[in-house]
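Student: sharing a model that was predicted from the sequence below.
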Amino acid sequence: MLPHKTYHLMKKRKASMQRYLTPLFFATTLAGCMLVGPNYQRPEIEAPNAYMYQPKDVAIEADIEWWKQYGDPVLDQLIIDALSDNKSVMIAAARVEQAAGVLTTQRAPLYPQVGYQGGAGRERFSEQGLPSSGTKNPDYAFQALVGASWELDLWGRIRRQTEAAQANLFATQEARRGVILTLVSAIALNYIELRSLDEQLDVSQRTLATYAEQLRLMELQFQHGRISQMNVEQAKTRYESAAVEIPRINRLIVERENIIAILLGKNPEHIPRGKSISTLSLPQVPPGMPSELLERRPDLLQAEQELIAANAQIGAVKALYYPSISLTALLGGVSKELGMLFAGSARTWSYGGTVTGPIFTAGTIEGQVVQAEAGQKAALLAYQLAIQSAFADVETALVARTELSTQVAAQERLVQALQNYAHFSQLLYEGGREPYSTVLQAEEQLFPAELNLVVVRAQLLSSVVGIYKAMGGGWVQQATDIADQAAGLQLDKVMRLEENAATVPEESLNANPETDKAVDDSAP
């Protein structure tokens, strides 16, 4: 049994706590219901029912690691290396962590802030002209205090700021996924272009060797008086036309290798090669509907999160029109003797609340509201523009794939016809039935046609990269997982922050207008 006085003292304290906590309970309950500003709702999007140039034969799914369909292990390894060491990906990862820290900072005022302070000192007061008080002079002073403060988020200002910070975190994550999407696409495109240049160089060197042998034979014939000097000069012209291509292609090869090296996060170096441009497999086109872009493309997801953040800022600014209520408490001890600092007689405490609010601000808050609403309007238009651009990207990539397939087939037939033309013209010239100009005409057309065939084949292979880049898909997340494992990004920290964000009252994040009371007035 507790002593009688102790029992009544505890009962009295309990009643006192209930008297002060009851208003606090109702205040926090009110804070959970009132949200100033508009709640976010995804805008209506006019999406086409289907793509105009969607081919009939498509891949089973779009979430595969599509670059493996080229069948080149060297390309696969380059992409893994780039995801591991690319500096742009690392920068984007650091920005994700930075955004996660901002979310923690913005969310913190939703909870009571507790701190402490302590001090010790010795001080002497002037005694000149003052009567002696009998106290020690100089004397010591010690204090140890614990304080707490809490701003009641009655109008949802802090929750709106938290909502905006969380949306910015998600937007930063999508921006990182966009960097990874661009990186994988850039590695594939530059590798295909590098192999195209390699084959163009091979075609040029083979042609140059053929022309060199023909020039040697022409010079021998000239020495024996069988042909004129003009025929020799024509052969030289043809030889030099092939020779001039080789240094140009070599320069472009080095430039392309340097680009790939930077994408790999390395200094300029030689890039390994795998399959030739003519032996690379052509990946299938991924399936998909226009409406799926909204959930698959990182840039669209980023634009929507930026719209959510801009929408939440309106509520955060409008809440400045309403009063702010803060609770404070202090508990500790103050004494002139260190040994008595925690004695009952040295105890000190205080608690209270403050209410602050605007009366006349000369348009300061109104200007901020105008800025926030204009920012939301700009974010909405940017989101709509991004969606329209995404639809156009897919259509452009699909039509490129379709038309390039036709162009490659036509170019192959052209090269075959020119090869036959050059062969027969050479036979007729050797038989004395056609002039040498006929041979020159045939071979002068064949060489650029062979180069163009290599270029068009590379464009066809690259068009599939453009389709997967334009459509997005689960492959972006697979590539992101590779980057996370390789780079050691502290995603566990970010995920914890996101999970903690879920502890914020649900109505503050993507609030439901049917269950939450949202005040969308410019002023109280």
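Tutor: Thanks, I have it. Residues are numbered from 1 along each chain as shown.

Student: so when I look at residue 351, I'm seeing a strand, right?
Tutor: Yes: assessed with DSSP: H, G, I helix; E, B strand; the rest coil, residue 351 lies in a strand.

Student: spatially nearest residue to it, not counting backbone neighbours?
Tutor: Of all residues not flanking residue 351 in the chain, residue 329 sits nearest, at 4.2 Å (CB to CB, 6 or more residues apart in numbering). For glycine as for every other residue, the C-beta is placed from the backbone atoms N, C-alpha and C.

Student: try residue 283
Tutor: Counting by CB to CB, 6+ apart, residue 283 lies nearest to residue 69, which is 3.5 Å off, once chain neighbours are set aside.

Student: now do the contacts for that neighbour.
Tutor: Residue 69 makes contact with 281, 283-284, according to CB atoms under 8 Å, 6 or more residues apart in numbering.

Student: before we move on, back to that, report the contact partners of the residue nearest to residue 351.
Tutor: 147-149, 349-351.

Student: could you dump these to a markdown table with pLDDT, distance to residue 44 and neighbour count?
Tutor: What follows is these, written out as a markdown table (pLDDT from 0 to 100; distance: CB to CB, whole Å; neighbours: other CB atoms under 10 Å):
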| residue | pLDDT | distance to residue 44 | neighbour count |
| --- | --- | --- | --- |
| 147 | 93 | 50 | 15 |
| 148 | 93 | 47 | 14 |
| 149 | 92 | 44 | 15 |
| 349 | 88 | 57 | 11 |
| 350 | 90 | 55 | 11 |
| 351 | 91 | 51 | 11 |
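
Student: how about these in a markdown table, adding distance to residue 155?
Tutor: Formatted as a markdown table, those follow (distance: CB to CB, whole Å):
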| residue | distance to residue 155 |
| --- | --- |
| 147 | 25 |
| 148 | 22 |
| 149 | 18 |
| 349 | 30 |
| 350 | 27 |
| 351 | 23 |
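
Student: other SSEs contacting the host helix or strand of residue 395?
Tutor: Assigned by DSSP states H and E, residue 395 belongs to helix 364-430. Helix 364-430 is packed against helix 293-296, helix 298-318, helix 436-471, with contacts defined by 3 or more CB pairs under 8 Å, 6 or more residues apart in numbering; DSSP states H and E.

Student: same thing but 6 Å
Tutor: Under the contact criterion of 3 or more CB pairs under 6 Å, 6 or more residues apart in numbering; DSSP states H and E, helix 364-430 touches helix 298-318, helix 436-471.

Student: compare the mean pLDDT across these and name the weakest.
Tutor: Ranked by mean pLDDT, these bottom out at helix 436-471, which scores a mean of 88.

Student: what lines up beside the helix or strand in which the residue nearest to residue 351 is found in the sheet?
Tutor: Secondary structure from DSSP H and E places residue 329 in strand 324-335. Applying DSSP bridges to the sheet, strand 324-335 is found paired with strand 139-152 (antiparallel), strand 347-356 (antiparallel).

Student: quick one: closest of these to residue 399.
Tutor: The closest of the strands paired with strand 324-335 to residue 399 is strand 139-152. By CB to CB, the value is 56.9 Å.

Student: outline the domain layout of this protein.
Tutor: 32-36+70-110+155-280+291-322+363-507, 112-152+324-356 (automatic domain parsing).

Student: now the last one: how far from the chain's centre is it?
Tutor: Between the centre of domain 112-152+324-356 and the centre of its chain there are 51 Å (CA atoms, centre = their mean, to the nearest Å).

Student: least trustworthy helix or strand in the chain by mean pLDDT?
Tutor: Here the helix or strand of the chain ranked lowest by mean pLDDT, DSSP states H and E is helix 4-31, holding a mean of 45.

Student: low-confidence regions, the stretch 51-200 of the chain specifically.
Tutor: 56-63, 129-135 (pLDDT under 70).

Student: now do the helices in it.
Tutor: 73-85, 87-107, 157-223 (DSSP state H, counting those that start in this stretch).

Student: quick one: the first one to helix 157-223, angle?
Tutor: So that's helix 73-85. 140 degrees (axes from the mean of the first three to the mean of the last three CA atoms, to 10 degrees).

Student: residues near residue 388, how many?
Tutor: Neighbours of residue 388 under the rule other CB atoms under 10 Å: 13.

Student: that one and residue 319, how far apart?
Tutor: Distance of residue 388 to residue 319, given as CB to CB, to the nearest Å: 34 Å.

Student: quick check: phi and psi at residue 265.
Tutor: phi 80, psi 30 (degrees, to the nearest 10).

Student: ok, the one 10 residues further on next?
Tutor: Main-chain dihedrals, residue 275, degrees, to the nearest 10: phi -70, psi 150.

Student: nearest residue to it in space, please, no chain neighbours.
Tutor: In space, and not counting its chain neighbours, residue 275 is closest to residue 72: 4.6 Å by CB to CB, 6+ apart.

Student: hmm, back to that, between the contacts of residue 69, which has the most around it?
Tutor: Compared across the contacts of residue 69, residue 283 has the highest neighbour count, 20 neighbours, by other CB under 10 Å.

Student: which residue is nearest the centroid of this structure?
Tutor: residue 175 (1.3 Å; CA atoms, centre = their mean).

Student: wait, it touches residue 302, no?
Tutor: Yes: applying CB atoms under 6 Å, one finds residue 175 in contact with residue 302, separated by 5.3 Å.

Student: I'd say residue 369 and residue 316 touch.
Tutor: No: between residue 369 and residue 316 there is no contact under CB under 6 Å: 10.1 Å.

Student: the two: which is more packed in?
Tutor: More crowded of residue 369 and residue 316, by other CB under 10 Å: residue 316, with 23 against 19.

Student: mind listing what that one touches?
Tutor: Listed by CB atoms under 6 Å, 6 or more residues apart in numbering, the contact set of residue 316 reads 157, 160-161.

Student: next one: residue 68
Tutor: Applying CB under 6 Å, 6+ apart, the residues near residue 68 are residue 76.

Student: what's the spacing between it and residue 468?
Tutor: Applying CB to CB to residue 68 and residue 468 gives a distance of 12 Å.

Student: and for residue 238?
Tutor: The separation that residue 238 has from residue 468, given CB to CB, amounts to 42 Å.

Student: how distant is stretch 443-454 from the center of its chain?
Tutor: 42 Å.

Student: who's in contact with that stretch?
Tutor: Here stretch 443-454 has contacts from 196, 199-200, 203, 207, 411, 414-415, 418, 422, using CB under 6 Å, 6+ apart.

Student: from those residues, which is closest to residue 275?
Tutor: For the contacts of stretch 443-454, the nearest to residue 275 is residue 199 (10.8 Å; CB to CB).

Student: so the closest one sits against residue 279, correct?
Tutor: No: look at residue 199 against residue 279 with CB under 6 Å: they stay out of range, at 10.2 Å.

Student: which one's more surrounded, the two?
Tutor: Shown here are residue 199 and residue 279; by other CB under 10 Å, residue 199 has more neighbours (21 against 11).

Student: distance check, the more buried one against residue 452.
Tutor: 12 Å.

Student: count the neighbours of residue 248 for me.
Tutor: Other residues close to residue 248 by other CB under 10 Å number 13.
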